[in-house]
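[1] Predicted model follows, preceded by the sequence.
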4 protein chains.
Amino acid sequence: MLPWSAELAGTLIEDVIGSEFLRGNPLDDPHERPIWVYLPPGYAADLARRYPSVYVIQGYTGHLTMWHNRSPFRQPFTETADGVFASGQAPPAIVIYVDAWTRYGGSQFVDSPGTGRHHSYLCAEVVPWVDARYRTIPDRAHRAIMGKSSGGFGSMITPMLRPDLFGALATHAGDSLYEYCYLRDFGAAVRTLRRYDGDVWRWWDDFTTRVAFTDAADAELIGLLGVAACFSANQDGTVDLPFDTRTGVLRPEVWQRWLAFDPVRMAPRYADALRSQRAIWIDAGIRDEHFLDVGAEAFCDVLRRIEIPEEVIHFELFDATHGAIEYRYPMSLAWLCQRISG
Amino acid sequence: MLPWSAELAGTLIEDVIGSEFLRGNPLDDPHERPIWVYLPPGYAADLARRYPSVYVIQGYTGHLTMWHNRSPFRQPFTETADGVFASGQAPPAIVIYVDAWTRYGGSQFVDSPGTGRHHSYLCAEVVPWVDARYRTIPDRAHRAIMGKSSGGFGSMITPMLRPDLFGALATHAGDSLYEYCYLRDFGAAVRTLRRYDGDVWRWWDDFTTRVAFTDAADAELIGLLGVAACFSANQDGTVDLPFDTRTGVLRPEVWQRWLAFDPVRMAPRYADALRSQRAIWIDAGIRDEHFLDVGAEAFCDVLRRIEIPEEVIHFELFDATHGAIEYRYPMSLAWLCQRISG
Amino acid sequence: MLPWSAELAGTLIEDVIGSEFLRGNPLDDPHERPIWVYLPPGYAADLARRYPSVYVIQGYTGHLTMWHNRSPFRQPFTETADGVFASGQAPPAIVIYVDAWTRYGGSQFVDSPGTGRHHSYLCAEVVPWVDARYRTIPDRAHRAIMGKSSGGFGSMITPMLRPDLFGALATHAGDSLYEYCYLRDFGAAVRTLRRYDGDVWRWWDDFTTRVAFTDAADAELIGLLGVAACFSANQDGTVDLPFDTRTGVLRPEVWQRWLAFDPVRMAPRYADALRSQRAIWIDAGIRDEHFLDVGAEAFCDVLRRIEIPEEVIHFELFDATHGAIEYRYPMSLAWLCQRISG
Amino acid sequence: MLPWSAELAGTLIEDVIGSEFLRGNPLDDPHERPIWVYLPPGYAADLARRYPSVYVIQGYTGHLTMWHNRSPFRQPFTETADGVFASGQAPPAIVIYVDAWTRYGGSQFVDSPGTGRHHSYLCAEVVPWVDARYRTIPDRAHRAIMGKSSGGFGSMITPMLRPDLFGALATHAGDSLYEYCYLRDFGAAVRTLRRYDGDVWRWWDDFTTRVAFTDAADAELIGLLGVAACFSANQDGTVDLPFDTRTGVLRPEVWQRWLAFDPVRMAPRYADALRSQRAIWIDAGIRDEHFLDVGAEAFCDVLRRIEIPEEVIHFELFDATHGAIEYRYPMSLAWLCQRISG
C-alpha cells in the first residue's frame, strides 16, 4: 500500500552469497554478502524461458538494503524497475542487486590490497552464482551492468576489464575526469585535516568513534580515504593519499595511480572491449556537484573517438544535481533490456 | 548483520490499525494505517509487568516505513531506540511508531477539514488501541510523545490539547515561532508560483504528474500547501493560503489561523496542561534552516514564564542543521523513559 | 581615460551643504554634508533655460563619495547618468546626489530621534539650497527622486510625505514588504547575538573597535541596528529592537512602528500623494536576497488598487540579485526625465 | 572628512607614465598608464634623505583608480598605508601604485604575446622612472613589492625573475597551486560555454556588448580567458585554453605552460633569487574561494625546503574569504618597511 510499500509484479529474492575472494579481506568486512535477485513477471510460469540479466551496483556509501529506503512521493528503484517489466516497457530480464560495501563505504568495484577483491567477487563469483541458480542467458551479449556515481564508474570499467562477461552498460553520473570530480575536494581536505595534524587516520579514529557525519567535512574525507584505499593502496594494505595533506601538493606517482582508473583515460586502452558493447547509456545532471556531467561528456567523446557507433550510445544531460536521480534508473534499465534481449 | 541490518533485543511488531476518524477523509488517504509497536527486552518473560509507553511521530513528508531507511555509518532509530533499552540506559518502555502521512505529506497531527482528523485518530484511536493490546501503564503519567520537526510540533501541542493522555514530551527542532520557520518561505513561494500564474493548484497538478522533487521549489511548496491544509482549511475542505500568491502580502485572518497553532503562542493558553508535564525535552541545531533553534529558545522561554520548574525541562542546542539529527532521538527517549517510569 | 576615468559631457560640482536640521544630531554625525550637483551639457550656454531636477539617494551603508567607486568593465552612475543626457536619450536635467550617511550607515531618509532629521534635511534644506543656486524648475511637477535599496525606500516615501516637493520617483529594489526584507534577518541576528549575551550594543562595541565586516554577521546587524535607530528610536535617542534578542519573539508594538514605514502599508494612507505623481518606476531583481522583487510587486499592486493609472507606472522585474544593479539607474533616470520635462 | 574622505599625512601624486614596452600591445590597451607615487610625511622637509620603496600591484580586474574606492566603515589602503607611516609603525617609505590593467582585466605582470609586456614595463620602465624622479634608495635591498591575488602572484614571481630589482615581497592570497585555484573553475567554464557552442570568443563577444557581469558566469570566464592570454598565448597573439571547452579534458601541453608559472613550481628553479630576499610575507584567508590558503602553505613549504630561514618569512592564515581583505595590506607594508629600511 502506497506510500508505505508496494506489491511487485515480479519477485525479489533476498539471499546471501559467500565469497571466497572477500574472505580475509583487509578491512575485516563480511565475506558473506547480501544479494538480491529480481525475477520478472512470468518467470515462474514459463520454465523453459531464459532471460537477459542486468547487474545493478551502488554509489559510494551505498549498501544493499538501502535499495529499500523509501522517499516521500517517490518509489524505490526496486519498485520502478519492476514497473518497467510490469508495464511492458521492456522485455523481461533478471535484475541482480549486488553489494560492495566496505568499512570505508565502498569498493569502487576493483581489486585492491586496501579493500579487497571486489572486482573478482563481482565477476568471478556473483555472475556464476546467478547463472547457476536462475534461468539467465549466460552470455555477455545478454548481460548488462548499471549504476550511479561510483556504481556508474563500476559500470564503465567492469565491461572494459571483462568484456567476456558484460555486453552493455549504463552509467548515471559515473565517476570520471578525475581532475574535476576528485581533485576539487583535495583543497577542502587539506583544510579539514589541519584539525587532525594533517593525519587522515586521526580523522578516521574520530569519525569512527562518534556519530558519523556530524562534521560537515566527513563526507568528503570518507570519499577521499575510501577511494585511495581502492586506487592507491600498497601491497601491505597501507593507503597512499594522492597529495601532501599539509600543503595540498600532488604526489604525482600516487595521483597517476588514480588516473589509471579514470574511465576517460582507460577507454582508449580498452577500445576493443568498449567497441564490443551493444549498448552504452551515459547520463548526468548539469548541476552535478562533482562535475560528472563534464565527465560524461568527456567519456562520450572518447567513445566517439574510438569509433563506437552513435546508435550504440545514449547520451543525455538533464537538469539535476548529483542527488535524487534514481528516477533515471528505470529509463536506462528499459533501454538496456531492449538492447540485450534480442 | 551491519550495515545491512541488525537484530533487535526487543521486538518490533508491524501492524495495521483501522481508523474510523480517518475513514472518508478529504484527501482519500487510506483509513487503514500501518502502526509499529516495539516491545522492550523482557516483555514476553514477565507477563505481569506493565510498561510506560512512548509515542513516536514523524516530521513532514515522513511516513511509517521510512523508519526502516538505512544510512551509511548510522543505524536507524528503531535500532538505536532498541539499544537504549538493551543497554540499560533507560527503564524498559513500549515504543509506538505512529503514521500520519497524507497526500500532502503530513497532517501536523491536528484535526482539519483539509486533511482529516489526525489528532483524534492519534489520541482517541491509536492510544486506546495500544493500551488494549499491550501491557502499558495506561496513564498519562507514564505516557510520552516525541518527534522531530512537524513531529516535534505534534509532540508539543498534543500534550497541551490532551494532558489527560500525555504527561511528557520531547521535541527535536519542532515547528515553532512561525515568523521564522514558515513565513520566511513565503517569498520564495511567490517567486515559484509566478511560473504557475500564482496558482498553487497548478503547481500541485504539475507536481503530482511528474517525478516529485525534480524542481528545487517542490519541497517548499509541498510544505506550504500541506501546512495550509492543516491549519487554514475551510469547512468545505478548500484551503486558504496565508498570503496573496502574486504579491506576498499576508492575509492577516488566515495567517492568524496559523499563528493560533504556534506552540510559542499556544503555551500560555495551555499553561495548566504544560505545567502538568513531568518531563519536557527541547532541542534543535544551531544551523537549522528553519531557525527552529530560535523557536526552541522561544518555546523554552515561555515555559519558564508560565513557571514550569527547571528540573522538568531539558533544553539543548547543538551544532547541526535541520537534517540528519536522528541520532538525537535515543537521547531524549532515554531521558523520557527515566522520567515516566517511576 | 577608460577604465580609470572618463570625461563628462556635463559638469559635476562637488560642494558642501551645512544643515541646521542635522546640527547636534544624536549620533554626532557631521552637520556639514557633501553634496554633488550635476549640470547637463548646455547648462552654461543657455542662461535662460531652467531644468527639471532629479534627486539621487543611496542605499544603506552608502555615502556620497562611493558614487566615484569604479568597477571593472563598468562605469559609475555619475558617468552613465551623464551619458543619458550626452546621448540625447532624455531631455537635460539637473541631477543632485544627496548624502544621508550616519554613524550606523544610513538614515532611511526619515526624521528620527535615533539618527537625526534626515527627512527634513533633504526636503527643507537640500531642495531649497539647490533651487536657490541652480536654474531648476522649482516645482514638484519637474522634480523627481530616485534610489536603490534604502534609497529606493526613500524614493517611495518622500513623495508620499512631501507630494508638494516631488512629482515623480524611481525605486530600484526599494525596501518594502518588511515581513520578507527585514524580518527574515531577525532569526540570524538572534544567533549572532548569542555571542554577545543578547546585547546588540556589545556587538556594536566590538564592531566599532575592530576591522568592520570581518565577521560575516556584521552586515546583518548593522542593518538591523541602523534601521531600528531610524524606525523605532525613542525620544531620548535610545533604540528599541523589534524582537527579543534572546528568543526572537516579536515585540508587536515596536514591530508595528517599523510596519508603519512599510511603503506597501503607507501607500493607502498616502493615496492622494501617490495619485499626484507623474511617473513611478519600480523594479527589482528576481533573485534579490531581501525579496524586494516581491516587495516591488506588492507596492505596484497597491498602487493599482488606489487607482493609479497604468501609464504612470513602469514595473519591471529582471534577472539579478540585490547587488551590482547600478546599470539600471540610467534607465529610470532617462524615463523620469522624459516625464518631468514637459 | 570621514567617511567621505581623509587627509593624508604624506602626499599622493597621481601621474602618468608612458611605456615603450606597452606601445602597440596586442590588446590596443593604452600605453600611457596612470601611476601614483606616495611620499611619506617629512619627505619634503628633509631633502637629503632617501627612502626605501614599495611597489603595490593589484588583483585581477583591478585598475589603478579603484584604489580610491571607498567602503562603508573602512578606509581605502591609500589611507591606511599613510597611517602606517603617520603613526610611526614603520620607517617612512615611498609607495608606488602600479597599473597593469588590460582589456581582459589583468596582465599577471608577465610578458605575453597575448596581452603585452607588462613584466618589462614594471621592471624596466616603472622602477627606473620612479628612481629617477624620487629620492628612493635605488637598490634591491631597499625595494619591495606587494599585492593581493594576482597582485600577490606578481609579487611572488617578479622578485624571482628580477632579484636584482626586488629584495622583499608580500603576497596576500596570491595565485598559486594551480590545481586548486585555477583548475577548479574549468568544469564550470565547460558548462557555461555550452551556451556558446564551446567557443570562448562567442562569450567574449557577448560579454563586451552587454552590461558586464550580469551573467553569474562572467567572472569565471574573464579570469580564464585573461589568464590564458597571459600564460598560454601564442606568438601570433592567439590564445590557447588549457582544456577542451566541450569535454573539459586537459590539454597537457597548454596546462603545462600554466604550471610553469605556478609559484610553487617556480620556487625551486629560482631558489637563489628567493634565498636572496630579505623579507617574505605570505598570508591568506582560510575560507579563500580559490584555496589560496592551501597555495600559501605550499609556497611557504617550498621556501623552507629550499632553506630560506624562518626569520625571513612571515606566514599567517586568518579567518576570511578571498574578498575584503585589504585590511591586511598595512600589516605587510609595515613589516616590509621595517625590514627594507635598515
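    Yes, it's here.

[2] which residue sits closest to A:Trp129 in space, ignoring its chain neighbours?
    Leaving aside its sequence neighbours, A:Trp129 sits nearest to A:Ile17 (C-beta to C-beta, 6 or more residues apart in numbering or on different chains; 5.5 Å). Quick note: C-beta positions are derived from backbone N, CA and C, even for glycine.

[3] residues in contact with the helix or strand harbouring the one you found?
    A:Ile17 belongs to strand A:11-18 when assigned by DSSP states H and E. Outside strand A:11-18, the residues within contact range by C-beta atoms under 8 Å, 6 or more residues apart in numbering or on different chains are A:31-39, A:43-44, A:78, A:82, A:125-126, A:129.

[4] And the next helix or strand past that strand?
    strand A:32-39.

[5] Describe which strands that following strand pairs with in its sheet and in which direction.
    strand A:11-18 (antiparallel), strand A:94-98 (antiparallel) (DSSP bridges).

[6] who touches the shortest one?
    Contact with strand A:94-98 is made by A:35-40, A:43, A:51-57, A:64, A:67, A:78, A:81, A:122, A:126, A:130, A:134-136, A:333, as judged by C-beta under 8 Å, 6+ apart.

[7] Can you list the buried residues in it?
    For strand A:94-98, burial by neighbour count (16 or more other C-beta atoms under 10 Å in any protein chain shown) applies to A:Ile94, A:Val95, A:Ile96, A:Tyr97, A:Val98.

[8] ditto for the longest one
    Of the residues in strand A:11-18, those scored as buried under the neighbour-count criterion (16+ other C-beta under 10 Å) are A:Leu12, A:Ile17.

[9] Identify all contacting residues around stretch A:162-169.
    A:55, A:123, A:127, A:139-146, A:155-156, A:158-159, A:270, A:272-274, A:276-281, A:336, A:339-340.

[10] ok so A:Gly106 is a helix residue?
    No. In this structure, A:Gly106 is coil, not part of a helix, as judged by DSSP: H, G, I helix; E, B strand; the rest coil.

[11] Against D:His118, how distant is it?
    Look at A:Gly106 and D:His118: by C-beta to C-beta, to the nearest Å, they are 49 Å apart.

[12] Output the below-cut-off pLDDT ranges for chain A.
    A:1 (pLDDT under 70).

[13] Spatially central, which residue of it would that be?
    What sits nearest the mean C-alpha location of chain A, by C-alpha atoms, centre = their mean, is A:Gly151, with 1.1 Å.

[14] Touching, that residue and A:Ile57? I think so.
    Yes. At 4.1 Å, A:Gly151 and A:Ile57 qualify as touching, with contact defined as C-beta atoms under 8 Å.

[15] show me what contacts A:Pro113?
    A:Pro26, A:Ala233, A:Asn234, A:Gln235, A:Asp236, A:Gly237.

[16] contacting residues for the first one?
    Going by C-beta under 8 Å, 6+ apart, A:Pro26 touches A:Pro113, A:Gly114, A:Thr115, A:Gly116, A:Gly237.

[17] Buried ones from those residues, can you make that a ChimeraX selection?
    Buried subset of the contacts of A:Pro26, written as a ChimeraX selection, criterion 16+ other C-beta under 10 Å:
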select /A:113,114,115,116
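
[18] Widest-spaced pair of the contacts of A:Pro26?
    Greatest spatial distance in those: A:Gly116 and A:Gly237, 9.9 Å, computed using C-beta to C-beta.

[19] same for the helix or strand encompassing A:Ala189, what does it pack against?
    Using DSSP H and E, A:Ala189 sits within helix A:186-194. The elements that helix A:186-194 packs onto, with contact taken as 3 or more C-beta pairs under 8 Å, 6 or more residues apart in numbering or on different chains; DSSP states H and E, are helix A:200-207, helix A:218-231, helix D:178-181, helix D:292-305.

[20] Can you name the residues in contact with that helix?
    Residues contacting helix A:186-194 (C-beta under 8 Å, 6+ apart): A:199-200, A:203, A:215, A:217, A:220-221, A:224, A:242-243, A:245-248, A:250, D:179-180, D:184, D:286, D:291, D:293-294, D:297.

[21] Which among those count as buried?
    By neighbour count, with 16+ other C-beta under 10 Å, the contacts of helix A:186-194 hold A:200, A:203, A:215, A:217, A:220-221, A:224, A:242-243, A:245-248, A:250, D:179-180, D:184, D:291, D:293-294, D:297 as buried.

[22] Look at A:Arg195 and say how many residues are nearby.
    Applying other C-beta atoms under 10 Å in any protein chain shown, we find 12 residues neighbouring A:Arg195.

[23] any idea what sits nearest it, other than its immediate chain neighbours?
    Spatially, and ignoring its direct neighbours in sequence, A:Arg195 is nearest to A:Trp203 (7.9 Å; C-beta to C-beta, 6+ apart).

[24] Thought A:Ile222 was touching the one you found, still the case?
    No. Using C-beta under 8 Å, A:Trp203 is not in contact with A:Ile222; the gap is 9.2 Å.

[25] At the contact with chain D, which residues of the stretch 51-200 of chain A appear?
    Within the stretch 51-200 of chain A, the positions near chain D by C-beta under 8 Å from any C-beta of the partner chain are A:Leu177, A:Glu179, A:Tyr180, A:Leu183, A:Arg184, A:Phe186, A:Gly187, A:Ala188, A:Val190, A:Arg191.

[26] again, 10 Å this time
    Within the stretch 51-200 of chain A, the positions near chain D by C-beta under 10 Å from any C-beta of the partner chain are A:177, A:179-181, A:183-191, A:194.

[27] and the gap between A:Trp201 and A:Arg103?
    13 Å.

[28] Between those two, which is the more surrounded one?
    More neighbours surround A:Arg103 than the other of A:Trp201 and A:Arg103, with 18 against 10 (other C-beta under 10 Å).

[29] Against chain D, how distant is the more buried one?
    Look at A:Arg103 and chain D: by C-beta to the nearest C-beta, to the nearest Å, they are 29 Å apart.

[30] what about the residue nearest to that residue when sequence neighbours are not counted, distance to chain C?
    Residue nearest to A:Arg103 in three dimensions, not counting chain neighbours: A:Leu27, with 4.1 Å by C-beta to C-beta, 6+ apart. From A:Leu27 across to chain C, the span is 41 Å (C-beta to the nearest C-beta).

[31] which ones are touching A:Leu27?
    By C-beta atoms under 10 Å, 6 or more residues apart in numbering or on different chains, the residues touching A:Leu27 are A:Thr102, A:Arg103, A:Tyr104, A:Ser107, A:Gly114, A:Thr115, A:Gly116, A:Ala229, A:Gly237.

[32] So of those, which two are at opposite extremes in space?
    Taking C-beta to C-beta as the measure, those have their most distant pair in A:Ser107 and A:Gly237, spaced 14.2 Å apart.

[33] relative to helix A:292-305, how tilted is the helix or strand hosting A:Ser155?
    In the assignment (DSSP H and E), A:Ser155 maps to helix A:150-161. Calculated by axes from the mean of the first three to the mean of the last three C-alpha atoms, to 10 degrees, helix A:150-161 forms an angle of 20 degrees with helix A:292-305.
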